[in-house]
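J.: What follows is a predicted protein model with its sequence.
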Amino acid sequence: MREFLKKTAFWGSIGFIMGILIGLVILSFAGIDAYCAEYGTAHFALYLVTSGALGAINMGTTTIYSLERWGLLRCTLTHFCVVMTTLCVVGFSMGWLRFRDPVTRWILAVSVVAYFIVWTIMCLLYRRKIRRINAALKGWQASHRDE
């Protein structure tokens, strides 16, 4: 458990930095000076901290996939629920997402499709890995029967 928490903190801190950097890149398109002039520097600081927190949650929760007792579906659904809940709460409270906005629906739909694609790819990769392990095990068993 301690190792799990260390990994979560490590990836969360990397995600925090990445979230800030991504937030700055996105904000640079609108103009950081114009944003600060319109909303103030306190809101700009809140924007950066919020962007960092989203990054920390997104990256930190990837350690869920290292829980070997959990299946891939359970890990994916847990990660999806945590990330999407956080995105919706933060997005709507910060004004990044708006109810009845088609862009918001598009963002949420793309997120759901992306999770499904990633889950499908991971299932196929695990299936291939299991087949290779089973083939190697059969080869090992056959070589030990002859002895």
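T.: Structure received.
J.: Now the helix or strand hosting Ala37: buried residues?
T.: Per DSSP states H and E: Ala37 is located in helix 32-39. The neighbour-count check on helix 32-39 (16 or more other Cβ atoms under 10 Å) flags Tyr35, Cys36 as buried. Using the backbone N, CA and C atoms, a C-beta is placed for each residue, glycine as well.
J.: what does the helix or strand of the chain with the lowest mean pLDDT contact?
T.: Least confident helix or strand, the chain: helix 32-39 with a mean of 80, by mean pLDDT, DSSP states H and E. Applying Cβ atoms under 8 Å, 6 or more residues apart in numbering, the contact partners of helix 32-39 are Leu24, Leu27, Phe44, Tyr47.
J.: List the residues that contact the second one.
T.: Translated: Leu27. Leu27 is in contact with Tyr35, Tyr47, counting by Cβ under 8 Å, 6+ apart.
J.: what mean pLDDT does the helix or strand containing Met18 have?
T.: Using DSSP H and E, the element containing Met18 is helix 2-30. For helix 2-30, the mean pLDDT works out to 91.
J.: for that helix, the distance to its chain's centre please.
T.: Counting by Cα atoms, centre = their mean, to the nearest Å, helix 2-30 is centred 10 Å from the centre of its parent chain.
J.: How about stretch 99-110?
T.: 18 Å.
J.: And the helix or strand hosting Val89, what does it pack against?
T.: Using DSSP H and E, Val89 maps to helix 72-94. Judged by 3 or more Cβ pairs under 8 Å, 6 or more residues apart in numbering; DSSP states H and E, the packing partners of helix 72-94 are helix 41-60, helix 102-145.
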